[in-house]
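A.B. asks: Prediction below, plus the sequence it came from.
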Amino acid sequence: MSRDWLAADLEALASLGVSLSLEATAKRGASADFGGIVHGQAVAVLAPRSAEELARAVAFAAERELSFTARGTGRSSGGQSIPSHGVSIDMSRLDRVLGIDPAARTLTCEAGARWRTLLAATQPHGLLPEVMPLNLDLTLGGTVSVGGFGSNSHLYGFSAASVVALEAVTGRGERLQASGADPLLQAVLGGVGRAGLITSLTLRLRRAPPRLRTFFLLYDDVNPWLSDMRAHRARFQHLDGFCSASVQGMRSTPRGRRPFAKWFYGLQATLEYTDDAPDADVALAGMRPTYVVHAEDSDQLAFASRADARFELMSQLGAFAHPHPWLECLLPVAALPQLLPRVLEALPLALGDGHRLALLATSPQPPLIAQPSGGENAMFAVLPMSVPPPLLPGVLEALRAVNQLLLQAGGKRYLAGYLELDGAGWQRHFGEAHASFVALKQRFDPKGVFGSVLTSTAETVPATDAS
Ligand SMILES: Cc1cc2nc3c(=O)[nH]c(=O)nc-3n(C[C@H](O)[C@H](O)[C@H](O)COP(=O)(O)OP(=O)(O)OC[C@H]3O[C@@H](n4cnc5c(N)ncnc54)[C@H](O)[C@@H]3O)c2cc1C
């Protein structure tokens, strides 16, 4: 257990020659996140310029039993990157690309590098990271610490699965290298910054033909939408499934009149090509969309940054300042035809639409990323642009009910979003793997240096289970 930082501890840390800020704006920023719902207290912000500086600071904290919380860009939304009462570590200055090996198809970079930087470095070689998130401004370290999913996760799974080697600073302040099945690698990929801080990583790349054609398809029923995605998943390099609401007006409910919608199911199905653009008849053969709405060509840079305009709009509308109770959940695909319409019905229309669905490859994934067992899985994500503060209590109540529905169907929450997890919740989340989650923490961070508001209960054993 760590203790609270005192002014004397901060002075002693600063005297090590590390880059420490006590400035109010920096502390305020590090005490909140994109979610805007959970808050903590950053007593200072450390922004190391090298892995050696970071290791020195962690060794200091371990010796004095003090705590640190790693932060990439703070785009998680449930307190993952917020200290309860401790020093925030801003990883964003560790942002260099250290090398690309086109023959081996790998890239090595520091963990605070953004996906946009990787895209710029790899694309001239005709290569790309296997799985990139839609938001290219997230850090590599922050993304693989929760998983990282994208529109080609049906082929490659999580971004974290592409990490072939890394260096991390453990809770003792040691700098260790790890690769393959090394326990340190398993402890930090999907480990929400609990066992060690990733300083650099080597990522597998894929060959990427220069051009892409995207078909925008719309279905009026969940079943053909799902079966087309599943049956033709190998044909398309990218598959973006989403749910689209056609609002039908207000209807009576036990709680008064409420807006309601007829749901449609969209699919942006993308093929990569080099010379000739794929023909729609061939590309969509055997598929059953209600409408083929649009087709569009782009190059790899334009495609990878296709969501930038949405994020710019969020910024212009001031949406970043409002709460984001984002809910992402891994679900068994077999449950979706029954489950998804019920979930859509239960989601308040104040959350908007565009809820995403991505199929996940069944190949081996980092063990700390909890998934429904025994079959094909998909990521379902409710990612509202923002929720007006007066509506938040009602929205959270509805999301708790939806969370229950998802967990009862065997779902496992993706740890990037807004979560309300107590000790029992963490145990349920990991199931049998909870013991190894705790053991990895004990092994690499025995003094409990690393933690956050979200993970403060991660190793608590509920009283009923402890007896
Ligand atoms: C607009 C938007 C779009 C998004 N799109 C996607 C998407 O397409 N796909 C997707 O998967 N996610 C997406 N996300 C969610 C996002 O991937 C996660 O929230 C991710 O963790 C954010 O990266 P970050 O750099 O902000 O990390 P933070 O939120 O700062 O940190 C996340 C966690 O990682 C830990 N951490 C950070 N750096 C390190 C490190 N170097 N070593 C160890 N632990 C570390 C932190 O302590 C924290 O627990 C999106 C989020 C937003 C706001």
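C.D. replies: Everything's here; your move. Numbers count the residues shown, from 1 in each chain.

A.B. asks: all contacts plus neighbour counts: C-alpha atoms, from now on.
C.D. replies: OK.

A.B. asks: Looking at this protein, which helix is longest?
C.D. replies: When secondary structure is assigned using DSSP state H, the longest helix within the chain turns out to be helix 392-408.

A.B. asks: in it, what's buried?
C.D. replies: For helix 392-408, a neighbour-count test (16 or more other CA atoms under 10 Å) marks Leu392, Val395, Leu399, Val402, Asn403, Leu405, Leu406, Leu407 as buried.

A.B. asks: Name the nearest residue to Ala381, ignoring sequence neighbours.
C.D. replies: Once flanking residues are discounted, Ala381 sits nearest to Glu328: 4.1 Å by CA to CA, 6 or more residues apart in numbering.

A.B. asks: in the stretch 251-400 of the chain, which spans are strands?
C.D. replies: Using DSSP state E, counting those that start in this stretch, the strands assigned to the stretch 251-400 of the chain run over residues 256-273, 291-299, 327-332, 355-359, 377-382.

A.B. asks: would you list those in TSV and tack on mean neighbour count, distance to the ligand and mean pLDDT?
C.D. replies: Listed next are these as TSV, based on neighbours: other CA atoms under 10 Å; distance: least, CA to the nearest ligand atom, whole Å; pLDDT from 0 to 100:
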stretch	mean neighbour count	distance to the ligand	mean pLDDT
strand 256-273	18	15	95
strand 291-299	13	19	98
strand 327-332	25	9	98
strand 355-359	24	10	97
strand 377-382	23	10	98
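
A.B. asks: Could I get these in CSV, plus columns for distance to Cys109?
C.D. replies: Listed next are these as CSV, based on distance: least, CA to CA, whole Å:
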stretch, distance to Cys109
strand 256-273, 26
strand 291-299, 24
strand 327-332, 28
strand 355-359, 27
strand 377-382, 27
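
A.B. asks: now the buried residues of helix 392-408 as CSV including distance to the ligand and pLDDT?
C.D. replies: Formatted as CSV, the buried residues of helix 392-408 follow (distance: CA to the nearest ligand atom, whole Å; pLDDT from 0 to 100):
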residue, distance to the ligand, pLDDT
Leu392, 18, 95
Val395, 18, 95
Leu399, 18, 97
Val402, 20, 97
Asn403, 18, 97
Leu405, 22, 97
Leu406, 19, 98
Leu407, 20, 97
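
A.B. asks: and those as JSON lines, adding distance to Leu128?
C.D. replies: Output for the buried residues of helix 392-408, formatted as JSON lines (distance: CA to CA, whole Å):
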{"residue": "Leu392", "distance to Leu128": "39"}
{"residue": "Val395", "distance to Leu128": "38"}
{"residue": "Leu399", "distance to Leu128": "36"}
{"residue": "Val402", "distance to Leu128": "36"}
{"residue": "Asn403", "distance to Leu128": "34"}
{"residue": "Leu405", "distance to Leu128": "37"}
{"residue": "Leu406", "distance to Leu128": "33"}
{"residue": "Leu407", "distance to Leu128": "34"}
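
A.B. asks: residues in contact with the helix or strand just after the longest helix of the chain?
C.D. replies: Towards the C-terminus, the helix or strand next in line after helix 392-408, according to DSSP states H and E, is strand 412-413. Strand 412-413 has contacts (CA atoms under 8 Å, 6 or more residues apart in numbering) with Leu327, Glu328, Cys329, Leu330, Leu331, Ala370, Gln371, Pro372, Leu406, Leu407, His429.
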